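Participant: missing the sequence, but the structure's below:
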């Protein structure tokens, strides 16, 4: 099997538009600064994995992202639609591993385990403590996983698992990690305080 692409969905760290659920705790500028830090940390982890990295961006032109994150990565606009539609479009070619920029504990070893799992199973999932997932990897297209999901809720993982079960697919489950999405999450990572 080919080495998976890692696709990171991120947005430009514009105050008032980035990490908006953290604005009550950090203010608009602080939330945007935290998003910048998390994205840079994630990109460093992705580079260290040794797998090809593609940034799916929104909120600014490509040139601003390449100036910020480096010209050695592949870039593509996220485009229109909800997260599921954007993921569906980005899922070809497979194998592919999707991650976001809000999981501070993700390490290159997690990505290596996901890639290894995809050699033996069609889907790998990194469950998040909040009921979503911090990673989903596909060895082959699974478009049914992305339509009709209420993203950002605690039912994303359960809904994904139910869909996989209906297709007789048992995913490889990785370590459960936490996302940094809400003010109460900030206490887990005091080093991220801005």
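Facilitator: Great, that's in hand. All figures in this text were calculated on a predicted structure; none of them were measured in a lab.
Participant: now the most far-flung residue of the chain relative to its centre. Its backbone dihedrals?
Facilitator: The C-alpha centroid of the chain is most remote from residue 168, which lies 24.8 Å away (CA atoms, centre = their mean). With angles defined as degrees, to the nearest 10, residue 168 sits at phi 60, psi 40.
Participant: show me what secondary structure element comes after the one helix or strand residue 163 maps to.
Facilitator: Using DSSP states H and E, residue 163 falls within helix 156-166. Using DSSP H and E, the next helix or strand after helix 156-166 towards the C-terminus is strand 172-173.
Participant: which elements pack onto that following strand?
Facilitator: strand 123-127 (3 or more CB pairs under 8 Å, 6 or more residues apart in numbering; DSSP states H and E). (C-beta placed from N, C-alpha, C; glycine too.)
Participant: can you list the strands that the strand it packs on pairs with?
Facilitator: Within its sheet, strand 123-127 is paired with strand 133-138 (antiparallel), strand 172-173 (parallel), according to DSSP bridges.
Participant: which parts of that strand are buried?
Facilitator: By neighbour count on 16 or more other CB atoms under 10 Å, the buried set for strand 123-127 is 123-127.
Participant: from the contact counts, what lies against the helix holding residue 163?
Facilitator: Partner elements for helix 156-166 (3+ CB pairs under 8 Å, 6+ apart): strand 123-127, strand 133-138.
Participant: quick one, phi psi at residue 97?
Facilitator: According to degrees, to the nearest 10, residue 97 has phi -120, psi 120.
Participant: what of the one 3 residues further on?
Facilitator: Main-chain dihedrals, residue 100, degrees, to the nearest 10: phi -110, psi -180.
Participant: quick one: pLDDT of it?
Facilitator: Listed pLDDT for residue 100 reads 89.
Participant: beta partners of it?
Facilitator: The partner residues for residue 100, given DSSP bridges, come to residue 9.
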